[in-house]
Structure formats: structure tokens, C-alpha cells
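In: Next come a sequence and a model predicted from it.
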Amino acid sequence: MDSSWGSWSLIHTALKYRLRACLTMLLLLGCPTPAVAQQQYSYLGFGMSGAGRNNPVINFGDSDNLSFAFRGSLPLSKFFAFKPSVFVGQYSVQAAPTATFTFPLESQINAYIGAGYSFNMVERQGRVANNVLGNTSAPIAIGGVEFFPGERSALFIDVMFSPTGFNGEHDAASLNMGWGLRF
């Protein structure tokens, strides 16, 4: 038997005991009760989106570092939702449907994480302009918070990240926020 397997077993056992000790301490100190799962709401919203960075290779020419964000949220179950987004800028349009896992933080506040794919929708004169999520169609990850302050309102703020959004090889990120109308 290889000696590295034996040392891995010792590390694994030590980590297991430390995890148990941490959980026991949390129980003894009294951890806060988890938020009661609330209903997810369907909404249509609009807002703004800002690019976290510009194209590192081609950072000149037609570029939308800010765009309008249109967002929908359609609950599929108690914890899963479909959240499509469309980003419309002066030079570009990009659609980003995502599937998210939603979990409650407070009675009217939900957090969500998920994944999806962004599709570059507009090409002008054979060129694709830079958008807040890059200039190519690419996989994306999303994480954010939604807040339901009133009977018909929804507020959202999230970050989308694409590891290959620019030219299929450079990462892109955007900060999105807006207001929605629940239905």
C-alpha cells in the first residue's frame, strides 16, 4: 500500500473530527433558527446592468459597458426557478436564461444561485459588439438576492459570471439590479 494513502486517511479522519467539533460548538452556543421557507413569486422586471470588465483583447470599438436589463422569474417548484434575462445596449443584445436554486434568508428575502447560457443576439456588419456578458455565446453562473418589499413589488440584485464570455477564452462579469412587478 502506498504511504500517501495512509496519510490521506489520517487527514480525512482529522477533518471529520474537527467538523464534528465545530457542529457541536454551534449547537452548544445556539445557532440561529433557519428562515422559514417562503413562497417564491413570479415577476417581470427591468433595471440596469454594468460590465465588471471590458474585453481584455479587443477593448475598443462598439462596446456596451452599461445596458438595460429585463428579467423574469418563474418558480418551477418550492426551491427552483427559471430566471431569463435580456440585456439591451446601444450596440448589442444578449439573452441569458438561467435555472436557479432559491433559498430563503428572511421572510421576504430570497437568495439564489444557478447556471445558464448567454446567447449573443445581434451582429452588426459581421462584427459582434462587446456586451456586459461578453461578445460570444457562453455558459454563465449567477448568484444574487431578491427582495419582496410590497404586495406587488420585487427587487433583485445579482452577479453573472461567464468564464469564456469574451472571444470564447476570457472571462466576463456583470452586476445586475432592478425592480419587478409580481404577479
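Out: Arrived safely, thanks for sending. Residues are numbered from 1 along each chain as shown.

In: wait, isn't Asn176 in contact with Ile157?
Out: Yes - with contact defined as C-beta atoms under 8 Å, Asn176 reaches Ile157; the gap is 7.1 Å. To be clear about C-beta, it is placed using only N, CA and C from the backbone, and glycine gets the same treatment.

In: Please identify which of those two sits among more neighbours.
Out: Neighbours per residue (other C-beta atoms under 10 Å) separate Asn176 from Ile157, with Asn176 holding more: 24 against 13.

In: Contacts only, for the more buried one.
Out: 47-49, 69, 71, 85, 132, 144, 156-160 (C-beta atoms under 8 Å, 6 or more residues apart in numbering).

In: hmm, 10 Å instead?
Out: By C-beta atoms under 10 Å, 6 or more residues apart in numbering, Asn176 lies in contact with 45, 47-50, 67, 69, 71, 85, 87, 96, 132-133, 142, 144, 156-160.

In: burial count for Pro84?
Out: Residues lying near Pro84 (other C-beta under 10 Å) number 15.

In: Which residue comes closest to it once chain neighbours are left out?
Out: Excluding the flanking residues, the one nearest Pro84 by C-beta to C-beta, 6 or more residues apart in numbering is Pro97, at 4.3 Å.

In: check which helix or strand covers the one you found.
Out: Here Pro97 sits within strand 93-106, counting by DSSP states H and E.

In: Output the contacting helices and strands for the following helix or strand past that strand.
Out: Once strand 93-106 ends, the next helix or strand along the chain (criterion: DSSP H and E) is strand 109-120. Helices and strands touching strand 109-120, by 3 or more C-beta pairs under 10 Å, 6 or more residues apart in numbering; DSSP states H and E, are strand 80-88, strand 93-106, strand 138-147, strand 153-166.
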